[in-house]
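J.: With the sequence up front, the predicted model follows.
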Amino acid sequence: MDRPMSDQSEQPVGRCSIDILNDCIPMFEALRDPMRQQIVVHLLQHGPQTVGEISQASPLSRTAVSHHVKLLEQAGLLSVTRAATRRICQVRSQEALDMLRALVAALESDLGAHTCERD
């Protein structure tokens with residue numbers, strides 16, 4: 001999971017779907033874990049929160065939540081802002097959605113090209 005999400009708004013036109021898919025892998029790997037899924041959903045429902053606030057709403061310890069937050073941040077799914085000793089976590093939903101839209105568009109383009117070749 002060392003490849004963070006790239007900025008898809010600057011993506012060149014006609015970028016290969018396999019390249020976009022490879023860019024999405026860290027996001028998919030991070031979201032494989034049910035606890036990380038719960039953290040993302042919790043933040044989407046409740047807005048930005050500190051690691052302590054997330055751990056209060058979770059069965060996990062603060063240390064475990066902090067570890068999951070770090071992995072989600074490395075995958076590009078969360079942004080973490082430091083304010084004194086607090087770490088405020090927020091979902092980078094627009095970036096994730098842009099990446100998924102780019103993947104869907106590239107795959108649809110591949111499918112369309114494949115369909116035209118068969119005709």
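T.: That came through, no problem.
J.: Point out the other helices and strands that the helix or strand hosting Gln45 packs with.
T.: With elements taken from DSSP states H and E, the one containing Gln45 is helix 34-46. Other helices and strands packing on helix 34-46, by 3 or more CB pairs under 8 Å, 6 or more residues apart in numbering; DSSP states H and E, are helix 51-56, helix 62-74, strand 86-91. Backbone N, C-alpha and C define where each C-beta goes, glycine included.
J.: switch to 10 Å and redo it
T.: Using 3 or more CB pairs under 10 Å, 6 or more residues apart in numbering; DSSP states H and E, the elements in contact with helix 34-46 are helix 17-30, strand 49-50, helix 51-56, helix 62-74, strand 78-83, strand 86-91, helix 93-118.
J.: and Pro48, backbone torsions?
T.: As for Pro48, its main-chain torsions (degrees, to the nearest 10) stand at phi -60, psi 140.
J.: who does the closest residue to it other than its chain neighbours bridge with?
T.: Computed as CB to CB, 6 or more residues apart in numbering, the closest residue to Pro48 that is not its neighbour in sequence is Gln90, at 4.1 Å. For Gln90, the beta-bridge assignment (DSSP bridges) gives partners Ser79.
J.: Correct me if wrong: Gln90 contacts Ile39.
T.: No. Using CB atoms under 10 Å as the test, Gln90 is too far from Ile39 to be in contact (11.6 Å).
J.: any common contacting residues for these two?
T.: Counting by CB atoms under 10 Å, 6 or more residues apart in numbering, the common neighbours of Gln90 and Ile39 are 49, 78.
J.: who's more crowded, the two?
T.: With other CB atoms under 10 Å as the criterion, Gln90 and Ile39 differ in neighbour count, and Ile39 comes out ahead with 27 against 14.
J.: Provide a list of residues in contact with the more buried one.
T.: When the contact criterion is CB under 10 Å, 6+ apart, the partners of Ile39 are 33, 49, 51, 54-55, 57-58, 60, 65, 68-69, 71-72, 77-78, 89, 91.
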